[in-house]
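Sequence plus the predicted model coming up.
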Amino acid sequence: MTGPKLNEASMIAGERTGTKASAMYLRVSAYKARVVLNLIRGLPVKNADEVLQFSDREVSNDIRKVLASAVANAQHNDEQDPEELFVKACFADEGPTLKRFTPRARGRGNRINKRTCHITIVLGRLDEARLEVVQAREAKRAATGRRRPTAAGTSASRRARVERSRQRASQAKTGGTTAAETQEDQLPAGAHAPLEDGGQPEGYEIKGNADSMLYHLPGTPFYDRTIAEVWFDTPESAEAAGYQLPPSQRDDEDADAIEGAEESASDEAQAARGESAADDEPAADSEDN
């Protein structure tokens, strides 16, 4: 009488301790199969299937098929719930070795051993204490969804962007106020915003730059190189809005005024230097005496 198969967690010969499934004569060594079987031994069926699904070993595909077969046997033959099963035992026995030869130098030949194995998976039902732990863990995982908490304000900003997009779409459908019309309402008198294609409005020939607060007349050196952010109809409208001509294009009166101010400043500086020199002369005479 043969003894019990201890790999099946059975202590009595002939005792059936669980539902099992086997795969015979797999073309892989038992050593390689045992590396993967050690990962799933004792795990619930669902967790074991996840481990096999993301394993890099090629034999994981065969072991996963054996696990699925064992679950099907337990469900249809023993009428057990797959959610309550775990891997009670799993092992790989050595099968027959296929002997092959490869030619070598001087008429010799080397032996090649092509290993095979038999994989067996035994499933059992979880005890009540462990089943409660597994069910509570699955309930918590389903409730949280294993998702990261969103950053504060992210959902609010997304809702705001969606709401603005809906408002623009509704305004476009109903012919509401567009962004260009809103900008035109904020412009001063005698000014006009660029057209939608960036072109020049009719009747407005003066370009204005909002960054430098300068306006450029047609024919001036900077006119063609300036991208108009606002257009004016007359220079008076541009100056009323706070825009000015470039310093190199201002009239002679402004230039004369600037030159006069500079000359007066230089005269004052020279006068101050002359007074300081006159004060120093008596001091020098007194020292000579």
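Happy to help now that I have it.

State the pLDDT value of residue 81.
Reported pLDDT at residue 81 in the predicted model: 90.

How about residue 109: what's its closest non-neighbour residue?
Spatially, and ignoring its direct neighbours in sequence, residue 109 is nearest to residue 101 (4.3 Å; CB to CB, 6 or more residues apart in numbering). Bear in mind the C-beta positions are built from the backbone N, C-alpha and C, glycine included.

same thing with residue 97?
Nearest residue to residue 97, sequence neighbours excluded (CB to CB, 6+ apart): residue 113, at 5.1 Å.

Report all helices and strands that whichever strand or helix holds that neighbour contacts.
Secondary structure from DSSP states H and E places residue 113 in strand 109-114. Under the contact criterion of 3 or more CB pairs under 8 Å, 6 or more residues apart in numbering; DSSP states H and E, strand 109-114 touches strand 98-103.

From the contact counts, what lies against the strand it packs on?
Identification of packing neighbours for strand 98-103 by 3+ CB pairs under 8 Å, 6+ apart yields strand 109-114.

Moving C-terminal from the strand it packs on, which element do we reach first?
Counting by DSSP H and E, what follows strand 109-114 is strand 117-125.

what sits up against stretch 118-129?
7-9, 17-26, 33, 37, 44-45, 62-63, 66-67, 70-71, 74, 80, 84-95, 134 (CB atoms under 8 Å, 6 or more residues apart in numbering).

In it, which residues are buried?
Within stretch 118-129, the residues scored as buried using 16 or more other CB atoms under 10 Å are 118, 119, 120, 121, 122, 123, 124, 125, 126.

of those, closest to residue 57?
residue 119 (12.6 Å; CB to CB).

which residues in the stretch 1-150 of the chain form helices?
Using DSSP state H, counting those that start in this stretch, the helices assigned to the stretch 1-150 of the chain run over residues 30-40, 45-53, 59-76, 128-144.

Put the alpha carbons of the shortest one into PDB.
Written as PDB, here are the backbone C-alpha positions of helix 45-53 (Å, rounded to 0.1, in the frame of the first residue of the first chain):
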ATOM      1  CA  VAL A  45      -7.900  31.900  -6.400                       C
ATOM      2  CA  LYS A  46      -8.400  35.400  -7.500                       C
ATOM      3  CA  ASN A  47      -5.100  36.600  -6.200                       C
ATOM      4  CA  ALA A  48      -3.300  33.600  -7.600                       C
ATOM      5  CA  ASP A  49      -4.800  34.300 -11.100                       C
ATOM      6  CA  GLU A  50      -3.500  37.900 -10.900                       C
ATOM      7  CA  VAL A  51       0.000  36.800 -10.000                       C
ATOM      8  CA  LEU A  52       0.100  34.400 -12.900                       C
ATOM      9  CA  GLN A  53      -1.300  36.900 -15.300                       C
END
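
Can you get me the start-to-end distance on stretch 219-226?
Taking CA to CA, to the nearest Å, the first and last residues of stretch 219-226 lie 12 Å apart.

what's around the residue found closest to residue 75 once you drop the neighbours it is linked to in the chain, how many residues?
Leaving aside its sequence neighbours, residue 75 sits nearest to residue 82 (CB to CB, 6+ apart; 5.7 Å). Neighbours of residue 82 under the rule other CB atoms under 10 Å: 14.

Next, the contact list for residue 82, please.
So residue 82 contacts 45, 71, 74, 75 (CB under 8 Å, 6+ apart).

my guess is the residue nearest to residue 97 meets residue 99, correct?
Yes: using CB atoms under 8 Å, residue 113 makes contact with residue 99 at a distance of 6.4 Å.

sorry, back to before: turn the buried residues of stretch 118-129 into JSON lines, columns for pLDDT and distance to residue 187.
Converted to JSON lines, the buried residues of stretch 118-129 look like this (pLDDT from 0 to 100; distance: CB to CB, whole Å):
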{"residue": "118", "pLDDT": "96", "distance to residue 187": "86"}
{"residue": "119", "pLDDT": "95", "distance to residue 187": "80"}
{"residue": "120", "pLDDT": "95", "distance to residue 187": "84"}
{"residue": "121", "pLDDT": "95", "distance to residue 187": "79"}
{"residue": "122", "pLDDT": "94", "distance to residue 187": "83"}
{"residue": "123", "pLDDT": "94", "distance to residue 187": "78"}
{"residue": "124", "pLDDT": "91", "distance to residue 187": "81"}
{"residue": "125", "pLDDT": "90", "distance to residue 187": "79"}
{"residue": "126", "pLDDT": "89", "distance to residue 187": "76"}
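
okay, those residues in JSON lines with distance to residue 222 next?
Output for the buried residues of stretch 118-129, formatted as JSON lines (distance: CB to CB, whole Å):
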{"residue": "118", "distance to residue 222": "89"}
{"residue": "119", "distance to residue 222": "83"}
{"residue": "120", "distance to residue 222": "88"}
{"residue": "121", "distance to residue 222": "83"}
{"residue": "122", "distance to residue 222": "88"}
{"residue": "123", "distance to residue 222": "84"}
{"residue": "124", "distance to residue 222": "88"}
{"residue": "125", "distance to residue 222": "87"}
{"residue": "126", "distance to residue 222": "83"}
